[in-house]
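*Asks:* With the input below, show me the fold.
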Amino acid sequence: MRAYLASSIGVACTAALALPLALHPGPAHARAERTVAAGSTRSLPLRPLDSLDSLDSLVGGGTDRGVTAGRGDAAVERGVTASGVRPFSLVGVVWDRPTAELRGRAQVRTRAVGGAWSPWRELLPYGDEAPDPDSPELRGARAHGGTAPLWVGASDAVEARVRPEGAGSARADAGADARASDAGAEGAGAADLPSGLRLELIDPGEPPAPPEPDRAALRALPGHPAPTAGGGVPGAKPTVVGSPGRPSWGASGPSVNPSSPPTPSARPTTPRPSASASVTTTPPPSALDTDADADAETANAGAARYSAPRPGIVTRAGWGADEKIRETGHVYSKTVKVAFIHHTVTGNNYSCSQAPSVLRSIYRYHVKSLGWRDYGYNFTIDKCGKIYEGRSGGVTKAVRGAHTLGFNTNSMGIAVLGTFTSKKPSAKAVKAVAKLTAWKLGLFKRNPRGTTHLVSGGGNKYKKGASVKLHVIAGHRDGFATECPGKRLYEKLGSVRKTAARLQGR
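*Replies:* Below you'll find the predicted structure:
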């Protein structure tokens, strides 16, 4: 459900309209609708397509024959179509077991609100961008498997199909009139599809309205106020972290970016990240207090010989994260040794002004559809080079994310919004990756041009327990056999390392 924010002088009040909720019951494949103020998620079961069914016949209700189907139906193509639904902007296919592999091809096409149908598009694999295999986040009852999400823009109709491997060539793109071939013949020798297949339709909701300034305080200001140390106007409450010389407000409180590096004699008020620290789901009070971020940064920058300026970072509040849907508390690693670079594979068809909506959609997909505790990546960067806070817990801290299966401990994940298999990332995005890695790795005394070792938690490239040598700034494919972060972004990592090192003064 979308939220509307109405403001009066100095006072903001929120009115939220809510409909009754129906939670997805899991294997029963029942249609579900989960709604919160900041957006909504709708689940549509994917049903077997037999020789008498077309996608058109699956509009609306009807019995899901997959509930009582035998083993043979697990190898039959499944699909769904729906029109006139509540507008949505992001789609993905999920299934029950997070460890189950989708041995098939998932495709969707959507109809823009008031517009035409899109061509069929692929939903790409996503099992490699996930919590570690032995983590409670992946082994919990809420966790599900799923494809990568796809940003489609505001749409009100959808068709989806999942075809098992070995079931023959894909059906011709003949739209709603296409007929499935004989189910029994196709099922022979075809791979089984995972149970509980369903299509997720994500509505990101409306962006948050900025709070109005205190007009009484503004009237009390002189006609020509002197600029502050950071060049800001007194009374304004920024949503971007990292503007030099002034406090910046995040989702949980302010943090301060010093305009110049502190002297080595500065006495820290919070412990510096170190290899001897322990991973905890219940960190000490100082670790949960975002007011301590500035002190932690001061301590780290003072201890390290090389450091870089803190870039501007849009907080979770700035992009409209609904803090009510994530799990409470945070999980921390001992340190940050590697920055893994990703692409979100959500497509490149978004404007920079839409980036917060894309983030809110991915966030809902990670939490509500895949069952993760929070947004998976630690940071995200859009095509205009704007940096966004990802998983909560403090931008200066070693927050454990869910981005590189087997290597989430002692690392951070930075995702560039888009798909960069064949398309080049923007120069602004690449520069932002360099700025962010230079600053964050500097807090943990890491050389962006160096190498280090991480212990694998298990994956398709390195077995569990293996000590793996990695670049301090690495691509996702360096730790897992995957195409991520895309060929065109991966080939930029050499220049990212060089620029980040220069920004650190190396």
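*Asks:* Would you indicate which residues of the helix ranked longest in the chain are buried?
*Replies:* Criterion DSSP state H: the longest helix present in the chain is helix 427-443. For helix 427-443, burial by neighbour count (16 or more other CB atoms under 10 Å) applies to 429-443. C-beta here means a position set from N, CA and C on the backbone, and glycine is covered the same way.
*Asks:* Repeat that for stretch 318-330.
*Replies:* Buried residues in stretch 318-330 (16+ other CB under 10 Å): Gly318, Trp319, Gly320, Ala321, Asp322, Ile325, Arg326, His330.
*Asks:* Using PDB, list the CA coordinates for that stretch.
*Replies:* These are the backbone C-alpha positions of stretch 318-330, laid out as PDB (Å, rounded to 0.1, in the frame of the first residue of the first chain):
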ATOM      1  CA  GLY A 318      17.000   8.900   2.100                       C
ATOM      2  CA  TRP A 319      16.000   6.200  -0.400                       C
ATOM      3  CA  GLY A 320      12.900   5.200   1.600                       C
ATOM      4  CA  ALA A 321      13.800   1.900   3.200                       C
ATOM      5  CA  ASP A 322      10.900   0.500   5.300                       C
ATOM      6  CA  GLU A 323      12.700  -0.400   8.500                       C
ATOM      7  CA  LYS A 324       9.700  -2.400   9.700                       C
ATOM      8  CA  ILE A 325      10.100  -5.300   7.200                       C
ATOM      9  CA  ARG A 326      13.800  -6.200   8.000                       C
ATOM     10  CA  GLU A 327      14.900  -8.200  11.000                       C
ATOM     11  CA  THR A 328      16.100  -6.300  14.100                       C
ATOM     12  CA  GLY A 329      19.700  -6.300  15.100                       C
ATOM     13  CA  HIS A 330      22.700  -6.700  12.900                       C
END
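*Asks:* Tell me the helices and strands packed up against the longest helix of the chain.
*Replies:* In terms of contacts (3 or more CB pairs under 8 Å, 6 or more residues apart in numbering; DSSP states H and E), helix 427-443 is packed against helix 293-303, strand 338-343, strand 379-381, strand 387-389, strand 411-416, helix 493-503.
*Asks:* buried stuff in the helix or strand that comes right after it?
*Replies:* Using DSSP states H and E, the next helix or strand after helix 427-443 towards the C-terminus is strand 451-455. Using 16+ other CB under 10 Å as the test for burial, strand 451-455 gives Thr452, Leu454.
*Asks:* wait, isn't Leu359 in contact with Thr315?
*Replies:* No: the pair formed by Leu359 and Thr315 falls short of the contact definition of CB atoms under 8 Å, at 11.5 Å.
*Asks:* what about those two, which has more around it?
*Replies:* Taking neighbours as other CB atoms under 10 Å, Leu359 and Thr315 compare with Leu359 leading, 28 against 23.
*Asks:* what about that one, which SS state?
*Replies:* Classification of Leu359 by DSSP: H, G, I helix; E, B strand; the rest coil places it in helix.
*Asks:* Name the nearest residue to it, sequence neighbours excluded.
*Replies:* Spatial nearest neighbour of Leu359, chain neighbours left out: Trp319 (4.9 Å); criterion: CB to CB, 6 or more residues apart in numbering.
*Asks:* repeat for Glu129
*Replies:* Excluding its sequence neighbours, the residue lying closest to Glu129 (CB to CB, 6+ apart) is His403, at 5.6 Å.
*Asks:* tell me the contacts of the one you found?
*Replies:* Glu129, Phe340, His342, Gly376, Tyr377, Asn378, Gly413, Ala415, His476 (CB atoms under 8 Å, 6 or more residues apart in numbering).
*Asks:* Likewise for Gly406?
*Replies:* Asp132, Pro133, Ser456, Gly457, Gly458, Gly459, Tyr462, Lys464, Gly479, Phe480.
*Asks:* which of those residues lies closest to Gly486?
*Replies:* Phe480 (14.0 Å; CB to CB).
*Asks:* Isn't the closest one up against Gly458?
*Replies:* No: under the criterion of CB under 8 Å, Phe480 makes no contact with Gly458, lying 10.4 Å away.
*Asks:* which of these two has more neighbours?
*Replies:* Between Phe480 and Gly458, counting by other CB under 10 Å, Phe480 is the more crowded of the two (22 against 15).
*Asks:* what about the residue nearest to the more buried one when sequence neighbours are not counted, which SS state?
*Replies:* Using CB to CB, 6+ apart and skipping the chain neighbours, the partner closest in space to Phe480 is Asp128 (4.6 Å). What three-state DSSP gives for Asp128 is coil.
*Asks:* For the residue nearest to Leu359, grab phi and psi.
*Replies:* Phi and psi for Trp319, reported as degrees, to the nearest 10, are phi -100, psi 0.
*Asks:* quick one, what contacts it?
*Replies:* Residues near Trp319 by CB under 8 Å, 6+ apart: Pro207, Ala355, Pro356, Leu359, Arg360, Tyr388, Glu389.
*Asks:* swap in Tyr126?
*Replies:* Counted by CB under 8 Å, 6+ apart, Tyr126 has contacts Gly92, Gly146, Thr147, Ala148, Pro149, Val345.
*Asks:* Thought Leu359 was touching the fifth one, still the case?
*Replies:* Meaning Pro149. No: look at Pro149 against Leu359 with CB under 8 Å: they stay out of range, at 11.3 Å.
*Asks:* Compile the helices and strands packed on helix 427-443 into a markdown table and extend it with columns for mean pLDDT and mean neighbour count.
*Replies:* Formatted as a markdown table, those follow (pLDDT from 0 to 100; neighbours: other CB atoms under 10 Å):
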| stretch | mean pLDDT | mean neighbour count |
| --- | --- | --- |
| helix 293-303 | 46 | 21 |
| strand 338-343 | 97 | 27 |
| strand 379-381 | 98 | 27 |
| strand 387-389 | 98 | 25 |
| strand 411-416 | 98 | 27 |
| helix 493-503 | 97 | 19 |
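*Asks:* To Glu77, which of the ones you listed lies closest?
*Replies:* Closest approach to Glu77 among the helices and strands packed on helix 427-443 (CB to CB): strand 338-343, 28.9 Å.
*Asks:* Quick one: low-confidence residue ranges for the stretch 251-400 of the chain.
*Replies:* The stretch 251-400 of the chain contains residues with pLDDT under 70 at 251-304.
*Asks:* show me where it has helices.
*Replies:* Secondary structure of the stretch 251-400 of the chain (DSSP state H, counting those that start in this stretch): helices at 285-288, 293-303, 316-319, 355-364.
*Asks:* Spell out the residue ranges of the helices in the stretch 51-200 of the chain.
*Replies:* Ranges of helices in the stretch 51-200 of the chain, per DSSP H, counting those that start in this stretch, are 136-139, 183-187.
*Asks:* how long is stretch 341-351 end to end?
*Replies:* One end of stretch 341-351 to the other measures 21 Å (CA to CA, to the nearest Å).
*Asks:* And for stretch 138-157?
*Replies:* Counting by CA to CA, the terminal residues of stretch 138-157 are separated by 31 Å.
*Asks:* buried residues in it?
*Replies:* So, applying 16+ other CB under 10 Å, buried residues of stretch 138-157: 138, 143-157.
*Asks:* Now it: average pLDDT?
*Replies:* Mean pLDDT, stretch 138-157: 93.
*Asks:* Then stretch 469-487?
*Replies:* For stretch 469-487, the per-residue pLDDT averages 95.
*Asks:* Drop anything exposed from the contacts of Gly406.
*Replies:* The neighbour count (16+ other CB under 10 Å) marks Asp132, Pro133, Ser456, Gly457, Gly459, Tyr462, Gly479, Phe480 as buried among the contacts of Gly406.
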